[in-house]
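1. Got a sequence here, can you model it:
(one chain, ligands or ions: 1)
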Amino acid sequence: MKIWKTSITLLILANVVQAASYVPITTDNTCLLLKVNDKNRLEQTYYGAKISNVDELSMVDQQQFTAYSTFGTTHVFEAALRAIHADGNTSTELGFLSSSTESLSENVTQTVIKLKDEHYDLYVDIYYKAYQKEDILEQWVEIRNGQKKSIRLTNFASSDLSFNASEYYVSHFHGDWSNEMNISEQQLTEGIKIIDSKLGVRSTQFTHPSFILSLNQPAAENDGEIIGGTLAWPGNFQFAFEVDNMDKLRVLSGANPYASEYTLEKNETLKTPSLLFSYSNEGTGKMTRNFHRWARKYGIKNGDKERAVLLNNWEATYFDFDEPKLTKIIDDAAKMGFELFLLDDGWFGNKYPRNSDNAGLGDWETNKKKLPNGIPYLINECHKRNIKFGIWVEPEMVNPKSELYEKHPDWVIAQPYRERVEQRNQLNLDLSNPEVQEFVFNVVDKILRENPGIDYVKWDANRYVFNSGSSFLPADKQSHLFFDYSKHLMQIMNKISRKYPDVTFMACSGGGGRIDYGSMQYFDEYWISDNNDPIQRIFTQWGSQYFFPTIGLASHVSASPNHISGRTTPLKYRFDIAMAAKLGMDLQPSQMTEKEYKFSQQAIQLYKEIRNTVLMGDLYRILSPYKHNRTVYMYVNDAKSEAVVFNFLVRKEVYPKPPTIVLQGLDPDKKYRLKEINKDPDDWSRFTKYEGKILSGDYLMTVGLHFTMYNEYESLVIQLNEVN
Ligand code: GLA
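-> Below you'll find the model as predicted:
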């Protein structure tokens, strides 16, 4: 990577208050302006659209927000940092030391602002990475104890952003297993709203570490000031939104301080997770496209590489399989057009065979009865049919009924004197313990080393943390467990990902329990929910896509009636929603009728033709499933030469009132041919009046399309191709 050093320099602006100096953090369209005030303390004076003359921003002086607030002196609101010094002093006051900026590449600059307590040797370095083209800022903080004795941190936020607007609205994501990522918006009133997770592991299942803040009005798709933030951390997180007596808003983001006091020994540094955030004055649509573009380049592993269409045996067989059954599925998968076969849970354990979720977890030896010829046999069966092979692991967990637990009962997270509480018959391994860290790394490493030819790994984690105690951590550091678990987990993921850059990894955690940019830099794909019901998927995919890119969003066609919801839906509808993301299937082709088989084969073929645009195109949301009976969204490729528009009827219309579908993101000067794709050959088309027509981008984005859809579970996909 090319690195230029522009050793900085504070920007000393003209017309500024005496002695004040400024540090602007800019991207192509945004600016975060920090100021060192006349008391040598750091303030945030502005965050918003960039103006052509950044110097003039020195006039925005009425705000005077602390850029990283501390407890114990004059700050009477929630503080980003609270440290208890060795002598018992509970206050911190940070003074400015220096600032420097360097270019990490043509697109990325990094600024470090160094602060120090005005009395104690406590150092706080604030890092900002600015991704120019994508308008994304990344902020984290490094806190170092330079004192002779240890200090205790009770609060250690990653970021402390402030805003001054007439009204504030926050949208966030919530749910539970099989019902993840529902979006809800509230207006903030005086006081504090906290959005957090205390689940420890599988931590994004109830709430997600992302927020959308809208200034002055509720969030809109194409207008208004929006700040989107997401914390890159697989563990407990907290966002605290505090509206103060002056109606100003402070947003603290970081690892959850809840039950997590952290002791820093002499010269020890705590590095907080990164907050990734983006400002848009064109609504949530632009914000999403900023994150997707950033993620494909920086946030997700191999974000620019094509993804394989896969068949997963989980819902097809659950634990009930053997070699002949899998070989048949592999054969069918290859014939149907799949590019990868993923072997799910149930392939391991001998003393305690993994025939259900109550035994064997932790014993990563191939089950000899089910698979007498081992994993290499299955790899070979795949490779000789020219498809790839993937495998499921859950390396951080253990069933008490396992050889691993018999050998190392002290390796699990537990509190003495408390009832041991299992979830899905399993316990968490204690990742604060270096021996356990080594074990977890080795689980994945050994499987990949001993079975060359594995192309894909689904890494699962199926429980939360209860009884959060560690037999490894000393008594006075028990509260490090939550933070250390996530820190070490990320280190292990990093080590694996570096060692196996070409193996595709999927982040799964009992559905969508681990969707965060801390993990995603080491994963190519993510599993948003165990619920494959297409109606449910419309909502879960809609929510997930605000911050996370389509290229990683795995979506599978599964059985009807659906195993979780019991709902019966047409195969086309199930395919269309899965094809709106990264297509896969959880069905046995041999159990399909001839008609279904043929339809599936054609749909897979068609998907291969459009996947580039779907996975790597820009997403434009047209109609929300929360507000309309029909939901519509579209993807447009970079060259604006192809677009794919997905329409789903979410609620049946008794008397249809078709909405006008005004498209977005096209080139107004280009002409496009319209075609309905993935049609059910036996059904009549709602799209005949447009079929094969050539219309300009201008028409499509001004007048739009108008056609009815009213039957239960109707969907319609339109492909637009540029015509020269
Ligand atoms: C979790 C995952 C599923 C499947 C099962 C296997 O629930 O989310 O996709 O892999 O585990 O036990």
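2. Strands of the stretch 51-200 of the chain, residue ranges please.
-> 65-66, 81-84, 94-103, 108-117, 122-131, 136-145, 151-156, 159-163, 168-174, 182-187, 191-196 (DSSP state E, counting those that start in this stretch).
3. Domain-wise, how is this protein divided?
-> The chain breaks down by automatic domain parsing into domains covering 3-299, 620-723.
4. quick one on the thing from earlier: can you redo the strands of the stretch 51-200 of the chain as a markdown table with mean pLDDT?
-> Formatted as a markdown table, these follow (pLDDT from 0 to 100):
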| stretch | mean pLDDT |
| --- | --- |
| strand 65-66 | 92 |
| strand 81-84 | 98 |
| strand 94-103 | 97 |
| strand 108-117 | 98 |
| strand 122-131 | 98 |
| strand 136-145 | 98 |
| strand 151-156 | 98 |
| strand 159-163 | 97 |
| strand 168-174 | 98 |
| strand 182-187 | 98 |
| strand 191-196 | 98 |
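5. Would you mind giving the ones you listed as a markdown table with mean neighbour count added?
-> Every residue, glycine included, has its C-beta placed from N, CA and C. Putting these into a markdown table (neighbours: other CB atoms under 10 Å) gives the following:
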| stretch | mean neighbour count |
| --- | --- |
| strand 65-66 | 20 |
| strand 81-84 | 24 |
| strand 94-103 | 18 |
| strand 108-117 | 20 |
| strand 122-131 | 21 |
| strand 136-145 | 22 |
| strand 151-156 | 20 |
| strand 159-163 | 23 |
| strand 168-174 | 21 |
| strand 182-187 | 14 |
| strand 191-196 | 15 |
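6. Including distance to residue 276, could the ones you listed go into JSON lines?
-> Below are those laid out as JSON lines (distance: least, CB to CB, whole Å):
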{"stretch": "strand 65-66", "distance to residue 276": "20"}
{"stretch": "strand 81-84", "distance to residue 276": "20"}
{"stretch": "strand 94-103", "distance to residue 276": "19"}
{"stretch": "strand 108-117", "distance to residue 276": "13"}
{"stretch": "strand 122-131", "distance to residue 276": "9"}
{"stretch": "strand 136-145", "distance to residue 276": "5"}
{"stretch": "strand 151-156", "distance to residue 276": "18"}
{"stretch": "strand 159-163", "distance to residue 276": "10"}
{"stretch": "strand 168-174", "distance to residue 276": "15"}
{"stretch": "strand 182-187", "distance to residue 276": "18"}
{"stretch": "strand 191-196", "distance to residue 276": "16"}
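7. nearest to residue 417, of the ones you listed?
-> strand 151-156 (25.3 Å; CB to CB).
8. packing partners for that closest one?
-> Applying 3 or more CB pairs under 8 Å, 6 or more residues apart in numbering; DSSP states H and E, we find strand 151-156 packed against strand 81-84, strand 136-145, strand 262-264.
9. In CSV, could you pull the C-alpha coordinates for it?
-> Provided in CSV are the C-alpha atoms of strand 151-156 (Å, rounded to 0.1, in the frame of the first residue of the first chain):
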residue,chain,number,x,y,z
ILE,A,151,-6.3,2.5,36.8
ARG,A,152,-9.9,1.4,36.4
LEU,A,153,-12.0,2.4,33.4
THR,A,154,-15.7,2.3,33.9
ASN,A,155,-16.7,4.0,30.6
PHE,A,156,-14.6,3.9,27.4
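10. Right, I'll call it a day here.
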